[in-house]
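Participant: quick one, what's the 3D model for this:
(2 chains)
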Amino acid sequence: MNPGDRVRVERAGDTYEGVLLPSSTDDHLVVKLEGGYNVGVDRAEASVDVLEADVYDVERAQDGDGSSSEIEFDEELPTISLISTGGTIASTVDYRTGAVTAQFDAEDVLRAVPDLAGRANYRGRVVTNILSENMTPETWQELAAAVAEEIEAGADGVVVMHGTDTMQYSASALAFALETPVPVVFTGSQRSADRPSSDNVMNAVCAVETAKGDCAEVLVCMHASDDDDTCALHRGTRVRKNHTSRRDAFETVGASPLGEIDYESLEATFRGDYQRRGETDLSISSALETDVDLLKFTPGMDPAFLDVADGKAGLVLEGTGLGHVSTDLIPKITQLVEDGTTVVMTSQCLEGRVCDRVYDTGRDLLEAGVVEAEDTLPGTAMVKLMWALANAEDVEEAMGTSIAGEITRRSAPWT
Amino acid sequence: MSDSEYDYETLGLVAGLEIHQQLDTATKLFCDCPTELRDPEESTHRFTRFLHPTRSELGELDQAAVEESKVEREFEYLAYDTTCLVEADDEPPHRLDEEALETALEIAQLMDMGVVDLVQVMRKIVVDGSNTSGFQRTSLVATGGQIETEAGPVGIEDLLLEEESAQRVAETDDGVRFSLDRLGIPLVEIGTSPDIRSPEQARDAAAQIGMLLRSTGKVKRGLGTIRQDVNVSIAEGARVEIKGVQSLDDIDDIVRNEVGRQVELVAIRDELESRGGSVAEPIDVTETFADTDSGVIGGALEAGGSVMAVRLVGFDGLVGREIAPDRRLGTEFSDHAKRHGAGGIFHTDELPAYGVTEEEVAALRGAVEATDEDAVAIVAAETEVAASAIEAVAARAQGAIDGVPEETRGANEDGTTRYLRPLPGAARMYPETDVPPVEPDPGEVETPELLTEKVERYAAEFDLDAGLAEQVAYGRRMPLFESLVADGVNPTLAASTLESTVTELRRDDVPVENLTDRHFEEVLGMVTDGDLPNEGVTDLLTVLAGEPAQSAADAAEAAGLGAAGDDEVREVVLEVVERNGPQVEEEGMQAFSGLMGECMGALRGKADGDLVSQLLREEIQKRA
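Facilitator: This is a model prediction of the structure:
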């Protein structure tokens, strides 16, 4: 008896006939009945007859239909590289664990999102196939290298399909690592691709159209609102996932998004200045000092958390308000800096600039050698510190200077 | 169509029912929102979405979903302060509502069904916009039951617990507008085995299932809260699923008409077979109608559209043939064309007409090389729409050669049906992984008392007369009646108030729909506590129906309806007796009934009749 067999299960006078499916529990057999319903039957109480073996190839069905799509080349169309890293935009359900997992390569994306056809010639590439919470700084480096190779190989734009949970970190990493002459557009989906209402179709279509466009920056392209009508184009270093489940979870913090793209007209509009296509040559500096962590300060926090940072190359603090931690922690911070750890201050307010010159605690922190990251988002500051420690001559100066749009010089009110 | 027209046994009628009943739970099936219907005007915000069909876990695409998705549409949703992100498909569903599952288990018990060991919530793909997610969450709770009908037992195949869809509010320029208030209300679906052999038995089985459902006291009542689907086939026909029969009384007509439709379609098939019927490739005949006076065709052409035609070989006279009251084979073709966005079709069995001239018909026949034995169907519309619509017409015509197509149809108000979509298959189902499977415990569920049993008990235990007992047991306020009686309200008063009084008030145009359980509880509670005489109930309910926000006590006081004290009553009685002093002395007790009326009038429902009568007797006796 194996998944895919047609079976008849008898249990206390009730009979269930259908296809045996992989079960998520050991206690129950899961049978897909003729009408399509799945029911669980107590394994210990059930007697099973296999009516026909291997009616379905369950594994293969879940991997897609197994055929490879023939993509024709059209000289009139630009070439867009689709880089897949896993994530819900091209995920399917794993019926063993019951969880949504990423199982597609870039060509499967074309099959999953037929609306992408005819918009570009596509180059498919799988950098990794993991959920975004399992990514590491090494993943960002592989991704940066892959994007650079794609651009060198002639891609007119790159779309990175990415899980939404840590998209903002990867986008920041690429923004620091790459000088790009073409758009590099991150997209994903908040509602998994196995549902008809998934936001993957509109996000992917808008991302491809943005990648064909003129804004040669690292962007995040996701729903601008709850409607399937507009995608927002966020700068990779200023964006944050601000909702667990809504389609419009991604927001540019402290400002309106850099631009928007209309789903119907597919026209992009931008606010303010951006780097145009072809303005710069491709260069990559993807070295990272990965021995850096981000620590959120909370009232009454055990000072021992700072002991973990002993000997680290860098530590980003997410302080309160203008950039504070408890006075009790300052001696330890002083010691960390003296031992060579770069300690950077950001704020858990998320909006607004750190300023440690206003209150005594702040002045003591500056005295201890803490570096202010201006209005850089905490997660972005962590990625940036990894990059700066590996690439900048003067790390402190780099942390106070906008390298990829992560710092806003003027705090102009926007709402 | 009279009943005697068909011998259902010979025709091999096989029918089954699917009954959908909303449950009256506190919260929705997968979120904590109330199960409350709203007026679209109360909507607080709206959003728009598109849907795309997806594959099942076995890698298959559902036919019905694919056809639905060919119609590119935008869906607009109205949200309320009583809906949340779950209905908006912006948050994963919460766990399956326990109250709903418990009610489903009670129903399973009433129908003698076996409950599954593990309830797995499924996603049933529905991309017509009625579910924001693009699927309906549904689960199989129990199988293998049985109910009794006069013509014999009918098997119950399955009991499903699922979420209600969003209510379609309006067609918009770009698609359809839905209201989210109804989405997610728990719904049970009961499917019978195909054991039903006559229209009457179908109706009988539906009535029986309805009675069992209402016995739980936990189902919603009123228009739209119960819907019946009927599956019908005859031996030479095919399985046809008819959706959305609103009234129990329509079920037998629907079955009769569907049998008639299948009989006619079989006859058409036989006729086509003898004529060698076939369907040609559709072609563009725009040129033929270049100078037409027909408003419909001319309008389409002026807008840059086209006219497409299909030659239906051997169909002459059959397209116009009636297959159900007022519906022809051509109406079926037209239903299919409409599904693809066209306004309808014209066919040669009805032409010349609608501004199409005899010359144009001749030219049309010429253009498609049709003979006199053939029919021609045309569609005039936007070029792309016309092309896909005529293909749909051709496909349906091909179906007529084969006989009766399997399909899903919608019930019309007149007892006929219209084409909706192909029959859905198993491929539209895949697991809802956001909701963990549930192990139900049928052992903990009590079997509800049947309404038929309630009628007998009410009569025996509460001494209600048979008619009133049945009225209140089958009435929508049965659970309220039971809780009132449990609270000490006199059963006859409770029953007559909830049934007769409410009916009378409704006849008097009192807005009784404003009266909630609270109003009845308070008013009858006042009677039980001696704060309101029986005679004041009607007046107080009338006041509360007009001002539902008031409490019964406040309303009674404002309207002067509270019970008058013994002293006040004696005062009024005394006044009446004294005013009629001579009459009392002369007639003695003979004057009682006249004076009783006068006293009650003066007290305007504030006093109990027994008390007034007692005091009046005393006063008359003193003087006689």
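Participant: kindly confirm my reading that residue B:22 is in a helix.
Facilitator: No. Counting by DSSP: H, G, I helix; E, B strand; the rest coil, residue B:22 is not part of a helix but strand.
Participant: what sits against the nearest residue to it once chain neighbours are set aside?
Facilitator: Excluding the flanking residues, the one nearest residue B:22 by C-beta to C-beta, 6 or more residues apart in numbering or on different chains is residue B:220, at 4.1 Å. (Glycine included, C-beta is placed from N, CA and C.) By C-beta atoms under 8 Å, 6 or more residues apart in numbering or on different chains, the contact set of residue B:220 is B:21-24, B:35, B:185.
Participant: swap in residue A:371?
Facilitator: By C-beta under 8 Å, 6+ apart, residue A:371 lies in contact with A:342-345, A:395-396, A:399-400.
Participant: separation between it and chain B?
Facilitator: According to C-beta to the nearest C-beta, to the nearest Å, residue A:371 and chain B sit 39 Å apart.
Participant: returning to what we had before: pLDDT score for the residue nearest to residue B:22?
Facilitator: Residue B:220 carries a pLDDT score of 94 in this model.
Participant: ok so, going back, narrow the contacts of residue A:371 to those that are buried.
Facilitator: A:342-345, A:395, A:399 (16 or more other C-beta atoms under 10 Å in any protein chain shown).
Participant: can you flag which of those residues belong to helices?
Facilitator: A:395, A:399 (DSSP state H).
Participant: mind putting the buried ones among the contacts of residue A:371 into a markdown table with pLDDT and distance to residue B:230?
Facilitator: Formatted as a markdown table, the buried ones among the contacts of residue A:371 follow (pLDDT from 0 to 100; distance: C-beta to C-beta, whole Å):
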| residue | pLDDT | distance to residue B:230 |
| --- | --- | --- |
| A:342 | 98 | 75 |
| A:343 | 98 | 74 |
| A:344 | 98 | 70 |
| A:345 | 98 | 71 |
| A:395 | 97 | 76 |
| A:399 | 97 | 72 |
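Participant: how about the buried ones among the contacts of residue A:371 in JSON lines, adding distance to chain B?
Facilitator: Formatted as JSON lines, the buried ones among the contacts of residue A:371 follow (distance: C-beta to the nearest C-beta, whole Å):
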{"residue": "A:342", "distance to chain B": "40"}
{"residue": "A:343", "distance to chain B": "38"}
{"residue": "A:344", "distance to chain B": "35"}
{"residue": "A:345", "distance to chain B": "35"}
{"residue": "A:395", "distance to chain B": "41"}
{"residue": "A:399", "distance to chain B": "37"}
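Participant: so which two of the buried ones among the contacts of residue A:371 are the farthest from each other?
Facilitator: Maximum pairwise distance in the buried ones among the contacts of residue A:371, criterion C-beta to C-beta, is 13.9 Å, between A:345 and A:395.
Participant: pull the longest helix from chain B.
Facilitator: Counting residues, the longest helix in chain B under DSSP H turns out to be helix B:251-275.
Participant: same for it, what does it pack against?
Facilitator: In this structure, helix B:251-275 makes packing contacts with helix B:8-11, helix B:199-215, strand B:226-233, strand B:240-245, strand B:322-324, helix B:383-402, strand B:417-421, judged by 3 or more C-beta pairs under 8 Å, 6 or more residues apart in numbering or on different chains; DSSP states H and E.
Participant: closest to residue B:500 out of those?
Facilitator: Closest to residue B:500 of the helices and strands packed on helix B:251-275, according to C-beta to C-beta: helix B:199-215, at 20.0 Å.
Participant: please point out which parts of that closest one sit buried.
Facilitator: Buried-residue list, helix B:199-215, by 16+ other C-beta under 10 Å: B:199-206, B:208-215.
Participant: residue B:337 and chain A, how far apart?
Facilitator: Taking C-beta to the nearest C-beta, one finds residue B:337 at 25 Å from chain A.
Participant: thinking again about what came up before, what backbone torsions are found at the residue nearest to residue B:22?
Facilitator: phi -70, psi 150 (degrees, to the nearest 10).
Participant: so where's chain A uncertain?
Facilitator: Within chain A, the ranges that satisfy pLDDT under 70 run A:24, A:57-72, A:87-109.
Participant: please parse chain B into its domains.
Facilitator: B:3-239, B:273-422, B:451-559, B:566-623 (automatic domain parsing).
Participant: among these, which gets the worst mean confidence?
Facilitator: Minimum mean pLDDT among those: domain B:566-623, a mean of 82.
Participant: any idea how far that domain is from the chain center?
Facilitator: Computed by C-alpha atoms, centre = their mean, to the nearest Å, the chain-centroid distance of domain B:566-623 equals 54 Å.
Participant: could you count how many residues lie near residue B:451?
Facilitator: 20 (other C-beta atoms under 10 Å in any protein chain shown).
Participant: my read is that it contacts residue B:215, right?
Facilitator: Yes. Using C-beta atoms under 8 Å, residue B:451 is in contact with residue B:215, at 4.9 Å.
Participant: what kind of secondary structure is residue B:574 in?
Facilitator: Relying on three-state DSSP, one would call residue B:574 helix.
Participant: no wait, residue B:189
Facilitator: Under three-state DSSP, residue B:189 comes out as strand.
Participant: contacts only, for it.
Facilitator: Going by C-beta under 8 Å, 6+ apart, residue B:189 touches B:18-20, B:138, B:158-160, B:162.
Participant: can you narrow the residues you listed to ones near chain A?
Facilitator: By C-beta under 8 Å from any C-beta of the partner chain, the members of those lying near chain A are B:138, B:158, B:160.
Participant: okay, the residue in the stretch 1-150 of chain A positioned nearest to chain B and residue B:123: tell me how far apart.
Facilitator: Proximity of the stretch 1-150 of chain A to chain B (C-beta to the nearest C-beta) peaks at residue A:40, 2.3 Å away. Distance, residue A:40 to residue B:123, using C-beta to C-beta, to the nearest Å: 16 Å.
Participant: same question for residue A:257.
Facilitator: Taking C-beta to C-beta, one finds residue A:257 at 33 Å from residue B:123.
Participant: who does residue 160 bridge with?
Facilitator: Let's take chain A. Here residue A:160 sits in beta bridges with residue A:83, residue A:186, going by DSSP bridges.
Participant: sorry, I should have been clearer: chain B.
Facilitator: With DSSP bridges as the criterion, residue B:160 is bridged to residue B:140, residue B:189.
Participant: longest strand in chain A, by residue count?
Facilitator: strand A:14-21 (DSSP state E).
Participant: would you mind writing the CA trace of that strand as PDB?
Facilitator: Taking C-alpha atoms only, strand A:14-21 is exported to PDB below (Å, rounded to 0.1, in the frame of the first residue of the first chain):
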ATOM      1  CA  ASP A  14     -18.200   2.800   6.900                       C
ATOM      2  CA  THR A  15     -16.400   2.400   3.600                       C
ATOM      3  CA  TYR A  16     -14.100   4.900   2.000                       C
ATOM      4  CA  GLU A  17     -12.900   4.400  -1.600                       C
ATOM      5  CA  GLY A  18     -10.300   6.600  -3.300                       C
ATOM      6  CA  VAL A  19      -6.700   7.400  -3.800                       C
ATOM      7  CA  LEU A  20      -4.300   7.000  -0.900                       C
ATOM      8  CA  LEU A  21      -2.400  10.200  -0.200                       C
END
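Participant: contact partners of it?
Facilitator: By C-beta under 8 Å, 6+ apart, strand A:14-21 touches A:1-9, A:29-34, A:38-39, A:41, A:51, A:55-56, A:58, A:95, B:57-58, B:114, B:116, B:143-144.
Participant: so which of those are in strands?
Facilitator: Using DSSP E, those in strands are A:6-9, A:29-33, A:38-39, A:41, A:51, B:114, B:143-144.
Participant: and which of those is nearest residue A:189?
Facilitator: Residue A:189 lies nearest to residue A:38 out of these, by C-beta to C-beta, at 24.8 Å.
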